[in-house]
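Enquirer: Sequence first, predicted coordinates after that:
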Amino acid sequence: MPTRQNMDCRVKIFVVLFLLLAGLFLSGCITYQIARYVEGDEVVLPDDGRLQVGETTLGEVLALLGAPDNVAKAGLEDLLVYERALLYRNRIKVGIPIPLSSLIRTSFDASAYGTLVRYDSLALFFNSEGILSHKTFEKGSSYPYFKTLFSSAR
Amino acid sequence: MRPTINILTVLLIASLLSGCIVLGKNKQFQPFDSTELGTLVPGQTKATEVTEIFGAPSEVVELANGNAYVYKRTVTKGTVCWLLLITFGNVEKQHDQLVFFFDRNDTLTHYGLSLDADKAEYGLPR
């Protein structure tokens, strides 16, 4: 007569075997994807008063922050943008990894995903004398500052 | 019984960890010669001299009081790790960028340099 301990062991073996076989048979049918995309270096707004509107020059900004990621004309002013883009995506996909379209018309494929996109942007406007006229810093924005600003023009 | 469970557990872990890793690198790159920057004199150097040294710019931008020549070099590093049911992907793109500002007479007024291409790294999402 099987003891309770032996029964427990059999259940454990069954569970492990089931997981093992399910994993092997389902590989490719179910996938969970975790993706990250980064473009650009970290954008930091110097908070020690080195960027003073009406005082700081274009040369001082270039010496402090280096080359901007984007340059543009904004009306009568020049715009320098320092920007970093971050994208995180989690996706679960269920389907048959083998193309069956030549055999059957219908196919089973479903996926769900969540995407988080954020932009850190520092925009600096300079007047015709090359003096900083105003600045904007945004961390964690859903939209890229540069593309959004000129989206109507394109 | 216990050795059987242990063997099966090892097999389960091994099968879950089976997969592969791919590392990719894309380099649109020709490093800037920083010694050449020393020969540039704001207020004197002309746009033609800059293009003679650095070649054709990646982009020319019209500004309110002149033009900007943008030189961009990009390094992209990607890591993909496939496990049995989970896939991890990570792509990192960094730039070396050099921007020259010219006035309406095509005379260099300022320039800025950022060297971040070396900061691109392989790795998993974090």
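Expert: Alright, I've got the coordinates. As the structure is a prediction and not an experimental result, all values here were calculated from the model.

Enquirer: just so I have it, where are all the strands in chain A?
Expert: Along chain A, counting by DSSP state E, strands occupy A:30-39, A:70-74, A:77-95, A:109-126, A:132-141.

Enquirer: Can you lay out those strands as TSV showing mean pLDDT and distance to chain B?
Expert: The way it works is simple: take the backbone N, C-alpha and C, and place the C-beta from them, glycine included. Below are the strands of chain A laid out as TSV (pLDDT from 0 to 100; distance: least, C-beta to the nearest C-beta, whole Å):
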stretch	mean pLDDT	distance to chain B
strand A:30-39	91	4
strand A:70-74	93	5
strand A:77-95	92	5
strand A:109-126	90	8
strand A:132-141	92	11
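
Enquirer: just the angle between the top helix by length along chain A and strand A:30-39, please?
Expert: In chain A, with assignment by DSSP state H, the single longest helix is helix A:4-26. Counting by axes from the mean of the first three to the mean of the last three C-alpha atoms, to 10 degrees, helix A:4-26 points 60 degrees away from the direction of strand A:30-39.

Enquirer: Any buried residues in helix A:4-26, and which?
Expert: Within helix A:4-26, the residues that count as buried by 16 or more other C-beta atoms under 10 Å in any protein chain shown are A:9, A:12-13, A:16, A:20, A:23.

Enquirer: Could you report the neighbour count for the closest residue to A:Val43 other than its chain neighbours?
Expert: Excluding the flanking residues, the one nearest A:Val43 by C-beta to C-beta, 6 or more residues apart in numbering or on different chains is A:Asp120, at 4.3 Å. Using other C-beta atoms under 10 Å in any protein chain shown, the number of residues around A:Asp120 comes to 21.

Enquirer: From B:Lys119, how far off is A:Asp120?
Expert: Distance, A:Asp120 to B:Lys119, using C-beta to C-beta, to the nearest Å: 15 Å.

Enquirer: Any regions of chain B where pLDDT drops low?
Expert: Of all residues in chain B, those with pLDDT under 70 make up the ranges B:1, B:16, B:18, B:29.
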